[in-house]
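>>> Take this sequence and fold it.
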Amino acid sequence: MIYRQLTHRITQDLSFFPTLGLIGPRQVGKTTLAKSLEGKLNKPILYLDLELSTDQQKLTDAETYLKQHFDKCVVLDEIQRMPDLFPLLRALIDQKREPARYLLLGSASPELIRNSSESLAGRISYLELMPFSWPEVQSVSTLEMHWLKGGFPDAFTAPNLIFTFRWLANFVQTYLERDLRLLGYEISGSTLNKLLSMLAYVHSNVLNMSDLSRSLGVSQPTVNRYLDLLEGSFIIHRLPPYFSNVSKRLVKAPKLYVRDSGLLHQLAQVTNSEVLLGHPIVGASWEGYVIEQIRRTLQTGWEFYYYRTHAGAEIDLLLVAPNGKKVAIEIKFSNAPVVSKGFYVSIDDIKPDHVFVIIPSGESYPKSDGIWICNLTDFLVNRLPEIYLE
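This is a model prediction of the structure:
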């Protein structure tokens, strides 16, 4: 069993909050992680799977049933199936306010689940569990293979690449045919399928809504609604631009990324390392992979941006720490990177506290101009914790 780095934070939050919402896409191990908490809390765990009719039946009179288990941490898996439970949970928490009353597992963000955010405000902590990160699997895999396969547990541990990408193809189809409809969204499956295929080729690019709208033959508000659904289901991420007080014309649209690299490669029909390294998407894929690994490694409170001027100056990723310090990152798919003039110009504009160029592998070393050339593993395992503790 691969240890999930979020485990400590989950037990920490459950020692204080009455409710913890553990959210993330399907099949990332939320259920496994929740069940592994047995014995780590100061109370027993009662597990209910809301996709099982037998467990749904137990909640026909949910108030009476849950009151019988006030002494337990009740795990409600796939909570988006029964959003009407949220007001009841709030009332039950207020009757007996103590830590670890409920652990809610969901495959959709709170914004997509009706009643969740409003009903439990002040009573819940949300944590996001995504597919395996590189630091979690580095003892059992190579960086190249994790990048190719992505981190979904079943895809990552499949016995060969044929099964990896077959699993990912089925995941996409299940998401289209079932998951969104279970959330109450009636959408065109063919249009969304076409959009997903297109996203592989706009990955890491500045989002052009008019181009997507024209290509799909639907309105821009419809495209935006689809993107909201994909983001709320943890499939994509829109990286916002950073606005600073500089007298320059800045790009204001977000950049779009498919969050899991394996899913991106499935959508682009890139099914082995040789094809990936020779594919036009390779640089964009590496950029998205690095950004996502940083997202999975950092704790909450950090802000993520990119910076670009119309003149071409750019920072691939700008991190803003909870204490306000800025970290500028250039991402290069080369172990002998050449830093662009535009990156230096952007550094002069932003004046970050730390500057890194992240490469796949090789030695980490500082340059005379204060920029650190740093391989991804060293950055995630050593440099980020140092910055976080400053």
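>>> Name the next helix or strand downstream of the helix or strand hosting Leu317, please.
Following DSSP states H and E, one finds Leu317 within strand 314-320. Downstream of strand 314-320, the next assigned helix or strand under DSSP H and E is strand 326-331.
>>> Relative to the whole chain's centre, how far out is the helix or strand that that following strand is followed by?
Sequence order places helix 341-350 as the next helix or strand after strand 326-331, per DSSP H and E. Its chain's C-alpha centre and that of helix 341-350 lie 28 Å apart, by Cα atoms, centre = their mean, to the nearest Å.
>>> quick one: helix 341-350 to strand 326-331, angle?
Following axes from the mean of the first three to the mean of the last three Cα atoms, to 10 degrees, one obtains 170 degrees for the angle between helix 341-350 and strand 326-331.
>>> Just the CA atoms of helix 341-350, as CSV, please.
Once non-C-alpha atoms are left out, helix 341-350 reads as follows in CSV (Å, rounded to 0.1, in the frame of the first residue of the first chain):
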residue,chain,number,x,y,z
LYS,A,341,15.1,36.9,-22.0
GLY,A,342,11.4,37.1,-21.3
PHE,A,343,11.8,35.3,-18.0
TYR,A,344,14.4,37.8,-16.8
VAL,A,345,12.2,40.6,-17.8
SER,A,346,9.3,39.1,-15.8
ILE,A,347,11.6,38.7,-12.8
ASP,A,348,12.3,42.4,-13.0
ASP,A,349,8.6,43.1,-13.2
ILE,A,350,7.5,40.9,-10.3
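>>> List of residues touching the strand holding Leu317?
For strand 314-320, contacts defined as Cβ atoms under 8 Å, 6 or more residues apart in numbering pick out 239, 242, 287, 290-291, 294, 298, 302-308, 326-331, 340, 342-343, 346-347, 350, 352. Yep, even glycine has a C-beta here, placed from its N, CA and C like the rest.
>>> what do you get for stretch 30-39?
Here stretch 30-39 makes contact (Cβ under 8 Å, 6+ apart) with 1, 4, 6-7, 10-11, 14, 22-24, 44-45, 47, 49, 73, 75, 77, 103, 105, 129.
>>> in it, what counts as buried?
Of all the residues in stretch 30-39, those buried under the rule 16 or more other Cβ atoms under 10 Å are Lys30, Thr31, Leu33, Ala34, Ser36, Leu37.
>>> ok, now stretch 376-387?
Burial within stretch 376-387, assessed by neighbour count using 16+ other Cβ under 10 Å, is assigned to Leu376, Thr377, Asp378, Phe379, Leu380, Arg383, Leu384, Ile387.
>>> Contact partners for Thr309?
By Cβ under 8 Å, 6+ apart, the contact list for Thr309 reads Lys248, Arg249, Leu250, Val251, Val345, Ser346, Asp349.
>>> Please check those residues and keep the buried ones.
For the contacts of Thr309, a burial check counting by 16+ other Cβ under 10 Å picks out Leu250, Val345, Ser346, Asp349.
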